[in-house]
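Undergrad: Next one to model:
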Amino acid sequence: MYKEEENSKPEFMKRPGTNPFRTPDGYFDSIEDRIIREIQLTEKKKPNSSVIFRILKPAFGIAASLTLVYFLATYPFTNKVNTKVSSAYSAPIKADSSLNFLLIDESTLVNAIFSDEKSPVADINPDEMLAYLSSGLNEVEIYSEIQN
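TA: Numbering: from 1, shown residues only. Here you go, the predicted structure:
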């Protein structure tokens, strides 16, 4: 029994050596005609996009990319420069006003309240103040106006 199993061939080896798959009759006789017909059909189809879209699409892409590069290059630099300049000019003002506030004692405060001198705030005309505020000056320009 053991010897019979050794000599027996596996099931797949018992099959004949010919190819079990076949091509249909006349398949290769008409293949050239079918290929030429498919080529002619693809040549007849026009592209769906017109000439204007084929030209304008890359042009809009280039314009959009240049605009993006411009904004990405200029926006961070302008904000950093304005912030540095305004903080450079506003820091001494804050320091001076806090120093002036610390130097005021009670007698100076009482003298300022009961004195007959007009305060500079009372001389400001509301129309002039509105015109000045609506002029749109930034911190640096306001500081330069005050200094002059």
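
Undergrad: low-scoring stretches of the chain, by residue?
TA: 1-7, 44-49, 78-102, 116-123, 148 (pLDDT under 70).

Undergrad: which residues in it form helices?
TA: 2-7, 31-44, 51-103, 106-114, 126-133, 139-147 (DSSP state H).

Undergrad: Same question for the second one: list its buried residues.
TA: In other words, helix 31-44. The neighbour-count check on helix 31-44 (16 or more other C-beta atoms under 10 Å) flags nothing as buried. Every C-beta, even on glycine, is put in place using the N, C-alpha and C of the backbone.

Undergrad: change the start of the numbering to 563 and stick with it
TA: Right, with 563 as the first residue, what we last looked at is helix 593-606.

Undergrad: how about stretch 693-703 as CSV, C-alpha atoms only?
TA: Taking C-alpha atoms only, stretch 693-703 is exported to CSV below (Å, rounded to 0.1, in the frame of the first residue of the first chain):
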residue,chain,number,x,y,z
ALA,A,693,-11.1,115.3,12.3
TYR,A,694,-7.8,114.2,13.8
LEU,A,695,-9.0,110.8,14.8
SER,A,696,-10.6,110.2,11.4
SER,A,697,-7.4,111.1,9.6
GLY,A,698,-6.3,107.5,9.9
LEU,A,699,-2.8,108.1,11.3
ASN,A,700,-0.9,105.2,12.7
GLU,A,701,1.0,105.3,16.1
VAL,A,702,4.3,106.4,14.5
GLU,A,703,2.7,109.4,12.7
